[in-house]
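*Asks:* quick one: sequence plus predicted model below, questions after.
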Amino acid sequence: MKTQLLDLQKQRRSIYALGRNVNQTPEELTEFIENTIKEAPSAFNSQSTRAVVLFNDYQDKIWDMVLDNLKPHLKSDDAVKATTEKINGFKNGFATILYFTDMDVVHGLEKNFPAYADNFYDWSEQAQGNAQYAVWTGLAENGIGANVQHYNPLIDADVAKEFDIPANWKLRAEMVFGSIEAPAQAKDYMDDKDRFKMFK
């Protein structure tokens, strides 16, 4: 068996110590992200995933926005300090990808294929996973670290207003990426016998 993809999968990790020492330009990275998402599979070829890529001041703005929305929910000075440090870690990255699902696409499929209507949102989530994983693995192949966060729906309204997001786009995740300033920690795996079955 060829293992090039498997080797890349092992390289793709959640990297939290991110920096801005990235060799590629925003234009190169955006083109790569766009093409990778285009080639990611989706049920019925629905192509329901949308993305917004934020660099420079916009990269700062999204994480300031996250922190501003989190602070009212923090109950102590220690919580504010710890959360600020965590969010600043994301802010230190080179850029952030906001991933959305176009709900007009999902609802259109529900209407046009009523026999499968209950499944289309779940399938759009699978499309999200495919797109995010493909981009994440491709970034890792290029020596760029990333991690995925989910501050939606807390930030949805502010994101929509700030970045002129269509009302039918539903925020699903925030992927911050940048130079790898420290490696990921060791990864634990559950026992294969609790996870897999084979019949032959």
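*Replies:* Thanks, I have it.

*Asks:* sort out which residues of stretch 167-182 are buried, please.
*Replies:* Of all the residues in stretch 167-182, those buried under the rule 16 or more other C-beta atoms under 10 Å are 169-181. No exception for glycine: its C-beta is placed from N, CA and C like everyone else's.

*Asks:* with stretch 15-25 instead?
*Replies:* Within stretch 15-25, the residues scored as buried using 16+ other C-beta under 10 Å are Ile15, Tyr16, Ala17, Leu18, Val22.

*Asks:* which stretches in the chain count as strands?
*Replies:* Here the chain has its strands, by DSSP state E, at 18-19, 49-55, 95-102, 144-149, 169-180.

*Asks:* make JSON lines out of those strands and add mean pLDDT and distance to Glu28.
*Replies:* Shown next, in JSON lines, are the strands of the chain (pLDDT from 0 to 100; distance: least, C-beta to C-beta, whole Å):
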{"stretch": "strand 18-19", "mean pLDDT": "98", "distance to Glu28": "18"}
{"stretch": "strand 49-55", "mean pLDDT": "98", "distance to Glu28": "11"}
{"stretch": "strand 95-102", "mean pLDDT": "98", "distance to Glu28": "12"}
{"stretch": "strand 144-149", "mean pLDDT": "98", "distance to Glu28": "11"}
{"stretch": "strand 169-180", "mean pLDDT": "98", "distance to Glu28": "13"}
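
*Asks:* who wins for proximity to Thr30 among those strands?
*Replies:* Of all those, strand 49-55 sits nearest to Thr30, with 5.1 Å by C-beta to C-beta.

*Asks:* for this protein, give me the ranges with low pLDDT.
*Replies:* Counting by pLDDT under 70, the chain shows no low-confidence range.

*Asks:* and the residue nearest the centre of it?
*Replies:* Centroid-nearest residue in the chain: Met175, 3.6 Å away (criterion: C-alpha atoms, centre = their mean).

*Asks:* quick one: that residue and His150 touch, right?
*Replies:* No - contact criterion C-beta atoms under 8 Å: Met175 and His150 do not qualify, at 10.3 Å.

*Asks:* same list, the buried residues of stretch 167-182, but as a markdown table with distance to Glu27 please.
*Replies:* As requested, the buried residues of stretch 167-182 are exported to a markdown table (distance: C-beta to C-beta, whole Å):
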| residue | distance to Glu27 |
| --- | --- |
| Trp169 | 23 |
| Lys170 | 27 |
| Leu171 | 24 |
| Arg172 | 25 |
| Ala173 | 23 |
| Glu174 | 21 |
| Met175 | 18 |
| Val176 | 19 |
| Phe177 | 15 |
| Gly178 | 17 |
| Ser179 | 18 |
| Ile180 | 22 |
| Glu181 | 24 |
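
*Asks:* done for today, thanks.
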